[in-house]
Each structure stands twice: as C-alpha cells, then as structure tokens.
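K.L.:
predicted model and sequence follow; I will ask about them next.
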Amino acid sequence: MPMSGEEGAIYREGREGMSYACGALLALHGEIKRGNLSLQLDNDDLEQSMLKQQIVSHLEYGRVPSLVELTYAAYDCIRSEVHRIAKNAVNPKQCEYVVIAGIQVHGALGQNFFWPGSITKMVDGQTVDLYEEYAASVAVRALDQWSKKDALALLQFKEREARLAAQEGDLVKLRSAEIPLSAVRDNRKRT
C-alpha cells in the first residue's frame, strides 16, 4: 500500500508508475463489483477458479467487500486449508508442527510487512496458541525505527508527487504540495 492509502496500489522498483497487488484478488474484486462473478471451473485458469470458489464461502451474500475484506477472506481460506491438509497428512502421535498464517503487505519503497494473523502449534493432537508469545517477543523491538522509516517514505512520496507535478507543469498540484518546493528539482524547467 503506498502512502496515498489506495488499497492494492504499490510503487515497485523498475516499474514506471503504480502497479497493483494481489492480481488474483483484484480480478475477483472486479468481478464482484461488476456483478458478474463466475464460479464455473475455467480450464484455462484453474488456480483462479479454485480461489474464487473457496473465497466466496467466506463472504457475506449480496454485499461487495472491500479489497481489504477480500484479503482477510483469502487469509481465512488459506489458514483453514493449511490446517485441514496438515491434519490429514501428519500423525500427531509421531510429530508436532507449527502453522504461521498471516498477510504480506507490500509497502512503499520496497518495504514489506507481515501481519501475523495466527501462530499455532499442534502437539499430541492439541492446538497451542503461540500468538501471545510471539507478540511479547516483538514488543521489545524499537518501534520508533519503523516510525522513522514511515516518515521517510511519506516524505519521499510527497517529493515524488511534487516532482511529477513539476515535470507535467501542473502548478495547482505543485502549489498544494506539503513540502518545501526547494526540495523539488525540475530538470526540464517547465515550472
């Protein structure tokens, strides 16, 4: 998510302009918004077909979810499916395992974040919730460093917007920039 806050939008290194993620969820979201969701199996795109079939059961009928709500529904589907597969594949008397489920968030300037939705350990057929243990271990980290990175990302985003406005000769956008205009270089001298 870029500093503008637009869901699914991201600036990526090596690409001109903004691109979007996750493509599969964006395609599903578009179908739902247009009211033409097809749940038939598409032999040319089995993965997308199966994704749609799984996620729909986690949505409220007749309501168009936001992209964020759709992302959480995908998280719920994947977490449930991983637990189901592990339960069928593992003999709990012979081994134990941990399932870490969450959502990866692509941030500005190549920063990626992980939202840990659940961390569970299976021991002797019993589920042990490890989330509180995880939360306590990361609470001691210096969160002020993340805040500094976010502040830098916001400043760089605003400088980029002002630079693009200068290159396009958009004086209205340039004057509304919330940064000192001395930081903006217009090599084309359009403004």
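P.N.:
The structure has been received and is ready for your questions.
K.L.:
any idea which helix or strand carries residue 122?
P.N.:
Assigned by DSSP states H and E, residue 122 belongs to strand 112-123.
K.L.:
can you list the strands that the helix or strand just after that strand pairs with?
P.N.:
The element immediately downstream of strand 112-123 (helix or strand, assigned by DSSP H and E) is strand 126-129. Strand 126-129 has its sheet partners listed here by DSSP bridges as strand 112-123 (antiparallel).
K.L.:
which parts of the strand holding residue 122 are buried?
P.N.:
By neighbour count with 16 or more other CB atoms under 10 Å, strand 112-123 contains the buried residues 118-120, 122. (Each C-beta comes from the backbone N, C-alpha and C, glycine too.)
K.L.:
got a list of what the residue nearest in space to the middle of the chain touches?
P.N.:
Closest to where the C-alpha atoms of the chain average out (CA atoms, centre = their mean) is residue 105, at 3.4 Å. Shown in contact with residue 105 (CB atoms under 8 Å, 6 or more residues apart in numbering): 1, 112-115.
K.L.:
just the element for it, please.
P.N.:
Judged by DSSP H and E, residue 105 forms part of strand 97-106.
K.L.:
just the angle for that strand relative to strand 112-123, thanks.
P.N.:
170 degrees (axes from the mean of the first three to the mean of the last three CA atoms, to 10 degrees).
K.L.:
please compute how far strand 97-106 lies from its chain's middle.
P.N.:
Centroid separation for strand 97-106 versus its chain: 12 Å, with CA atoms, centre = their mean, to the nearest Å.
K.L.:
now swap in stretch 56-64 and tell me
P.N.:
Remark: stretch 56-64 is offset 20 Å from the chain centroid, using CA atoms, centre = their mean.
K.L.:
stretch 25-39 now?
P.N.:
Centre-to-centre, stretch 25-39 and its host chain are 18 Å apart (CA atoms, centre = their mean).
K.L.:
just the buried residues of that stretch, please?
P.N.:
By neighbour count with 16+ other CB under 10 Å, stretch 25-39 contains the buried residues 25-26, 28-29, 32.
K.L.:
give the rounded mean pLDDT of it.
P.N.:
Averaged across stretch 25-39, pLDDT comes to 92.
K.L.:
cool, thanks, talk later.
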